[in-house]
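Chemist: Fold the following for me, if possible:
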Amino acid sequence: MSTIYEVAALAGVSPATVSRVFNGLNVSAEKSRAVREAAAELAFTPSRVARTLRRQHSEVIALVIPDIENPFFTSLARGVEDVAQQAGYSVVLCNTDEDPAKEAKYLDIALSDNMAGVIIAAAGDHSDIAKLLERNRPVVAVDRGPHNVDIDAVMVDNRAGGHAATARLVEHGFRRIACITGPREVETAQERADGWREVVAAAGMADIDQYLKYSNYRVGGGHDAMQELLALPEPPDAVFVTNNLMSVGALQELAGNGTLPPDFGMAVFGDLPYAGFAPKGITVVHLPARHLGVTAATLLLERINGDAQPSRTIVLRNEVGTGDES
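Modeler: Got it, this is the predicted structure:
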């Protein structure tokens, strides 16, 4: 079995540099590449057991997300995995189905299994990460986070995205613009709806509250909410849907009623999962899903490796376009 000293000699670096590479610490790209190529040639595998004993945690991180069937979270997970794997960490994917009890169970497992850290898209405002923080396990929130907790976070500007998408519908001449958003207790649902509300209120739309429907971020939820909106005495002529899966359900209901974009206005927060089958002219808030995962994993690894600076919130930009562009 090859040793760290043999890898260092072949790569032309010090043993300390080899150690830094396999511990995920800051090393130049050139030296990191030389070390990894030498390790591959010598079939060198660093001892996970030894490193776990030194670090007092495993080389595993938990990614806790609400819906793995949503392509947005699939892409986010890929970004997390790419960064983690490069640093020598494995990722355990935990799907909560927006269920706080299921989420709490996964967080307990992360602690009991001595995982190195957690990246979480919270199931609600009150996700309990206190036990992890008490044990000095780093936690990074991604896309959405628990309220009143001082941790690193990587987000998109939900309110601005909702505002821009709704404003585009107003520009296209629509005047009764409804909003289908997620659960009341999820911050992304509230923030995106707030952006919608700002625009329709400024445009003078009457009876705003009847045009706002809370749902469950799933296809069925979008379908049911759109059905309720179309049954109003004065139904909307456009809708802003605050996530991609609900937009599919809304489109199904619109198709069943013989009314589709561009005649009926639609804006969606997040890229359409089946864009090739969607009507033309849908406004889309494009989200940097993979980049969210990459950024969250990078922050988590910095914390795992000893970064003690104050917590940071990184807000990534949205781009508003049409479904035809995605």
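
Chemist: And the strands in the stretch 151-300 of the chain?
Modeler: Secondary structure of the stretch 151-300 of the chain (DSSP state E, counting those that start in this stretch): strands at 152-156, 177-181, 212-214, 238-241, 265-269, 283-286.

Chemist: I'd like these laid out as JSON lines, including mean neighbour count.
Modeler: Quick note: C-beta positions are derived from backbone N, CA and C, even for glycine. What follows is those, written out as JSON lines (neighbours: other Cβ atoms under 10 Å):
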{"stretch": "strand 152-156", "mean neighbour count": "23"}
{"stretch": "strand 177-181", "mean neighbour count": "28"}
{"stretch": "strand 212-214", "mean neighbour count": "19"}
{"stretch": "strand 238-241", "mean neighbour count": "30"}
{"stretch": "strand 265-269", "mean neighbour count": "29"}
{"stretch": "strand 283-286", "mean neighbour count": "24"}
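
Chemist: pLDDT weak spots in the stretch 1-150 of the chain?
Modeler: The stretch 1-150 of the chain contains residues with pLDDT under 70 at 1, 23-25, 46-58.

Chemist: neighbours around residue 93, how many?
Modeler: Look at residue 93: counted by other Cβ atoms under 10 Å, it has 15 neighbours.

Chemist: and it, bridged to which residues?
Modeler: Beta bridges link residue 93 to residue 63, judged by DSSP bridges.

Chemist: ok, back up a step: can I get the strands of the stretch 151-300 of the chain in TSV with mean pLDDT and distance to residue 66?
Modeler: Output for those, formatted as TSV (pLDDT from 0 to 100; distance: least, Cβ to Cβ, whole Å):
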stretch	mean pLDDT	distance to residue 66
strand 152-156	95	15
strand 177-181	97	15
strand 212-214	97	16
strand 238-241	98	17
strand 265-269	96	15
strand 283-286	93	19
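
Chemist: domain assignment for this protein?
Modeler: The chain breaks down into these domains under automatic domain parsing: 4-46, 56-156+289-318, 158-286.

Chemist: Can you give the distance of the longest one from its chain's centre?
Modeler: Same thing as domain 56-156+289-318. 10 Å (Cα atoms, centre = their mean, to the nearest Å).

Chemist: With the last one instead?
Modeler: Relative to the mean C-alpha coordinate of its chain, domain 158-286 is positioned 20 Å out (Cα atoms, centre = their mean).

Chemist: And the helices in the stretch 1-150 of the chain?
Modeler: Taking DSSP state H, counting those that start in this stretch as the test, the helices found in the stretch 1-150 of the chain are 4-11, 15-22, 29-41, 48-55, 71-86, 100-112, 130-134.

Chemist: Setting aside sequence neighbours, what's the nearest residue to residue 94?
Modeler: In space, and not counting its chain neighbours, residue 94 is closest to residue 106: 4.0 Å by Cβ to Cβ, 6 or more residues apart in numbering.

Chemist: For residue 95, see how far away that neighbour is.
Modeler: Applying Cβ to Cβ, to the nearest Å, the value for residue 106 to residue 95 is 9 Å.

Chemist: cool, residue 293 as well?
Modeler: Plainly put, residue 293 is 15 Å away from residue 95 if you go by Cβ to Cβ.

Chemist: These two: who's more crowded?
Modeler: residue 293 (29 against 18).

Chemist: Tell me, how many residues neighbour the residue nearest to that one when sequence neighbours are not counted?
Modeler: Nearest residue to residue 293, sequence neighbours excluded (Cβ to Cβ, 6+ apart): residue 79, at 2.6 Å. If you count neighbours by other Cβ under 10 Å, residue 79 ends up with 21.

Chemist: residues in contact with residue 79?
Modeler: Going by Cβ atoms under 8 Å, 6 or more residues apart in numbering, residue 79 touches 289-297.

Chemist: out of those residues, who's nearest residue 234?
Modeler: Taking Cβ to Cβ as the measure, residue 234 lies nearest residue 289 of these, at 36.3 Å.

Chemist: give me the number of residues near the residue lying closest to the closest one once chain neighbours are set aside?
Modeler: Among residues not flanking residue 289 along the chain, residue 75 sits closest, at 3.8 Å (Cβ to Cβ, 6+ apart). Using other Cβ under 10 Å, residue 75 has 17 other residues around it.
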